[in-house]
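> Generate coordinates for the sequence data below:
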Amino acid sequence: MASGLEPVMSVAELRAFFVEAFPQALGTSGDETLVEEISSGRVLIRRKVSEVNLRPGGTISGPTMMALADHAMYAVILGHIGPVALAVTTNLNINFLRKPGLEDLMAEARLLKLGKRLAVGEVTIFNEGEEADPVAHVTSTYSIPPNR
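Alright, predicted model coming up:
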């Protein structure tokens with residue numbers, strides 16, 4: 001993990017930024033993503049799961065988990081550099097480890113490197129209360145615009 005990083009945004013500030021910058025992404029069917037915690041180099045977010053997140057076979061869809069991972073990475077980066085809306089994903093690699101339960105999904109994002117132009121991190125996705133048994137592992141890189 002990148003050492004010596006302290007957040008510059010609070011949970012409330014991150015939540016407010018997401019509402020303002022992405023009102024179209026707010027959950028309308030009981031499915032929503034909420035920033036729960038932020039600390040040094042780390043963010044924890046929750047994805048409330050509903051029927052819209054399911055795929056045939058009654059499991060949570062891969063795209064739902066990918067979106068959750070991307071949201072978590074974006075949150076951990078912005079939480080440590082401030083509200084830079086134009087930071088963008090340049091790479092996201094996901095490994096699905098097991099079938100998730102239908103409980104809320106949690107995503108813990110950790111910064112591995114936070115540079116001037118690139119941020120690299122990893123995200124562990126698990127069902128609430130099952131931190132030791134992840135359902136997916138993600139690595140991701142973001143491009144940070146100059147003059148932030």
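
> Stretch 6-17 spans what distance, first to last residue?
Terminal residues of stretch 6-17 are spaced 18 Å apart (CA to CA, to the nearest Å).

> Which positions in it come out as buried?
Neighbour-count burial for stretch 6-17 flags Pro7, Met9, Val11, Glu13, Leu14, Arg15, Phe17 (criterion: 16 or more other CB atoms under 10 Å). C-betas here are computed from N, CA, C, even on glycine.

> Same question for stretch 39-58.
Residues of stretch 39-58 classed as buried by neighbour count (16+ other CB under 10 Å): Gly41, Arg42, Val43, Leu44, Ile45, Arg46, Arg47, Val49, Asn53.

> The fourth one is in what secondary structure piece?
In this case it means Leu44. strand 42-47 (DSSP states H and E).

> does Phe126 count as helix, strand or coil?
strand (DSSP: H, G, I helix; E, B strand; the rest coil).

> I'd like to know how many residues surround the residue lying closest to it once chain neighbours are set aside.
Once flanking residues are discounted, Phe126 sits nearest to Pro134: 4.7 Å by CB to CB, 6 or more residues apart in numbering. Look at Pro134: counted by other CB atoms under 10 Å, it has 21 neighbours.
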